[in-house]
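Novice: sharing a sequence plus its predicted fold:
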Amino acid sequence: MLNKYPLWKNLLIVLVVVISAIYAAPNLYPPDPAIQVTPSQAGAEMSEATLAKVRAAMTDAKLDFFGEEVIDGTALFRLQQTSDQLPAKAAVQRALGDDYVVALNLAPTTPDWLLSLGAGPMTLGLDLSGGVHFLMEVDMEEYMAGKVSNYRQELRTRLRQEDLRYRRIQVEGDYLRISFEDEATRDTAENFFIREFPEFSRTTEEVAEFYDLKLRMTEQQIKTYEDYAVKQNLSTLRNRVNELGVAEPLVQRQGRNRIVVQLPGVQDTAEAKKILGKAANLEFRLEAEPGANRFTTEEYPFRSEAFRTARLEKAVITTGDSVTNARSAFDENGMPQVNIDLDAKGGARMTQVTRKAVQRRMAVLFVERKPRTTYEMVDGEEVVKTVQVTEKSIISLATIQTTLGSSFRITGLQAAEASELALLLRSGALAAPMYFVEERTVGPSLGKENIEMGVQSVMVGLALVLVAMLVFYRAFGLMANISLMVNIVMLVALMSIVGATLTLPGIAGIVLTVGMAVDANVLIFARIREELKNGRSPQQAIHEGYSRAFVTIFDANLTTLLVAVILFAAGTGPVKGFAVTLSFGILTSMFTAIVLNRAMVNLVYGGRRVESLAIGGRV
């Protein structure tokens, strides 16, 4: 029978439309401005006493809040206005201190029944929704001090290899002072440094009975190191943001030693802030044997270091810089662990040391630089100061049962600690410590007025299309309009399901999709009119109109889809946003213009005797 779908096909179309409506619905619920409080230590719980401090801090600051909730150890407090976020963050951070991370967030308002189905709102780009802005600064002073200290160790070794006897090597500010007992040795050493260490400028000085050589890094070398530190930190921050699953972030350099990070839309900003700023690394060390501290001269300093649970050798086997991959998992007893893979150099060093240390204990030392905030009164005004402190803690201490290679595991962690450690190791260590200079919410980068005008133009254009279809194609135009609205719902649902980010160029892609969907219907309806003019019956005209127009519609949409794929592969930023919505729009418009629209036409005209069609025009 012509123009009649079987029941299963109609039910399938209804099911697709209903599912699309469900997964598009979360976009009707705008988020609330909020602050998020998370313990700095992974796996720590959010106590009632802490929550009471947060409430008291915001009450004292006369800030209205509601919707308090605690999920997985993280507290979320919703605020009435976006302008209350920064004052609330400052008040709560001061009340809780540095043991907690307080971050700005946008709290979702999607109903629980939709969330239970896995439905969530579409991610909006920074140009549409705004987001959270972090300005981070690289601590160059601390970084260069570490570089100078590293040179001190290297120069000791090289001078001994060259049989150049020195009295001592000292770090004095930003330069190294090497003392020799005679002038000839100093001159020989200076020539050696000219050949092997051209990155240093050299000056000589006589102090008491010693002949000193002062080495200071050249400005060019300092700039080279600083550029490396910023570039490496930039790469690490991008990796960390990608590991967090943040959609369409902005991570870029600003000036000589600062990096801007912008996270659009609804994100777990407290977790992001904690991970972004964490200057952490691992050190693998052996447990010290008795008598390890018997040497105390400058040439042989203390060879062990005491911690709460053990005393470790100062010599480091390898560090987290040698880690090529890290994965959190569970052992056969269901206990958390981190599986570690080392590079060739780290693996060789691990094998070399552990071969001689079977049955000794090896520790995994977690080294972290953390900010400490202090509040001081200066001339009657409160001054906030932040200093960086280094904390070291043993996270694993186990007996070496056999020689270790480039792959092994770390145990003795909680699940949250294992996951965070694996993330930090995968994304890489920061080359230099960083601290947050600024944190704030940012509005849509294109401005609220421009966005409203853009959305308004879309609505006006859509309304004109709907009216034109009704005027020119009457009942068929009404069915085309219904298909068009379903097409938009399906497109929004599809982007929400796959987690695509909608930007203003993406909206342009949606507008183009609307035009293409209407164009497909126009081709079909024009073909039906032509068949009617050629003397076909209404049922035959409908059948031939959809069948013969399909090839043209398919070819046109296929070529457009290929262009969209190329744009996505070769483009960046806004171009990709346009390509994504265009690609999805082509798929949904093909379904609604051909399948859905045909189903509605079949329900109205199919399976019965029809004398004429309400399709407009002269037939």
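Specialist: That came in fine, so what should we check first?
Novice: every contact and neighbour count from this point should use C-alpha atoms.
Specialist: OK.
Novice: what helix or strand is the residue most central in space within the chain on?
Specialist: Within the chain, one residue has its C-alpha closest to the average C-alpha position: by CA atoms, centre = their mean, that is V241, at 2.2 Å. Element membership for V241, per DSSP states H and E: helix 219-244.
Novice: and that helix, what's buried?
Specialist: 222, 225-226, 229-241, 244 (16 or more other CA atoms under 10 Å).
Novice: which helix or strand lies directly C-terminal to that helix?
Specialist: Under the assignment DSSP H and E, the closest C-terminal helix or strand after helix 219-244 is strand 250-254.
Novice: tilt between the helix or strand following that following strand and strand 250-254?
Specialist: The C-terminal neighbour of strand 250-254 among helices and strands, as given by DSSP H and E, is strand 258-264. An angle of 160 degrees separates the directions of strand 258-264 and strand 250-254 when computed by axes from the mean of the first three to the mean of the last three CA atoms, to 10 degrees.
Novice: so, low pLDDT: which residues of the stretch 401-550 of the chain?
Specialist: By pLDDT under 70, the low-scoring segments of the stretch 401-550 of the chain are 427-429, 441-451, 454.
Novice: please enumerate the helices of it.
Specialist: Using DSSP state H, counting those that start in this stretch, the helices of the stretch 401-550 of the chain run over residues 415-427, 448-498, 504-533, 538-570.
Novice: next one: the third one to chain centre, how far?
Specialist: Distance of helix 504-533 from the chain centroid (CA atoms, centre = their mean, to the nearest Å) equals 38 Å.
Novice: buried ones in that helix?
Specialist: For helix 504-533, the neighbour count (16+ other CA under 10 Å) marks 504-518, 520-532 as buried.
Novice: I'd like the helices of the stretch 401-550 of the chain as JSON lines, with distance to M144 appended.
Specialist: Formatted as JSON lines, the helices of the stretch 401-550 of the chain follow (distance: least, CA to CA, whole Å):
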{"stretch": "helix 415-427", "distance to M144": "23"}
{"stretch": "helix 448-498", "distance to M144": "44"}
{"stretch": "helix 504-533", "distance to M144": "43"}
{"stretch": "helix 538-570", "distance to M144": "39"}
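Novice: minimum distance to V18: which of the ones you listed has it?
Specialist: V18 sits nearest to helix 448-498 of all those, at 9.6 Å, using CA to CA.
Novice: just checking, what packs against the closest one?
Specialist: In this structure, helix 448-498 makes packing contacts with helix 7-24, helix 504-533, helix 574-590, helix 597-605, judged by 3 or more CA pairs under 8 Å, 6 or more residues apart in numbering; DSSP states H and E.
Novice: at 10 Å what do you get?
Specialist: Using 3 or more CA pairs under 10 Å, 6 or more residues apart in numbering; DSSP states H and E as the contact criterion, the neighbours of helix 448-498 among helices and strands are helix 7-24, helix 126-129, strand 501-502, helix 504-533, helix 574-590, helix 597-605.
Novice: any chance of the ones you listed in a markdown table with distance to V251 as columns?
Specialist: Formatted as a markdown table, the helices and strands packed on helix 448-498 follow (distance: least, CA to CA, whole Å):
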| stretch | distance to V251 |
| --- | --- |
| helix 7-24 | 30 |
| helix 126-129 | 12 |
| strand 501-502 | 17 |
| helix 504-533 | 20 |
| helix 574-590 | 16 |
| helix 597-605 | 45 |
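Novice: which among the ones you listed is found nearest to V260?
Specialist: Nearest of the helices and strands packed on helix 448-498 (CA to CA): helix 126-129, 13.6 Å.
Novice: may I have the phi/psi pair for R186?
Specialist: With angles defined as degrees, to the nearest 10, R186 shows backbone torsions of phi -60, psi -40.
Novice: I should have written A363 there, sorry.
Specialist: Note on A363: backbone dihedrals following degrees, to the nearest 10 are phi -110, psi 150.
Novice: what's the spacing between stretch 551-565 and its chain's center?
Specialist: Relative to the chain's own centre, stretch 551-565 is displaced by 34 Å; criterion: CA atoms, centre = their mean.
Novice: show me what it is in contact with.
Specialist: Contacting residues not belonging to stretch 551-565 are listed as 509, 516-517, 519-521, 523-524, 546, 550, 566-571, 575-576, 578-587, 589-590, 593-594 [CA atoms under 10 Å, 6 or more residues apart in numbering].
Novice: same check, this time on stretch 19-29
Specialist: By CA under 10 Å, 6+ apart, the list of residues contacting stretch 19-29 from outside reads 14-15, 18, 108-111, 114-115, 117-123, 486-497.
Novice: taking the mean pLDDT, what do you get for it?
Specialist: The predicted model assigns stretch 19-29 a mean pLDDT of 92.
Novice: can you give me the end-to-end span of it?
Specialist: 18 Å (CA to CA, to the nearest Å).
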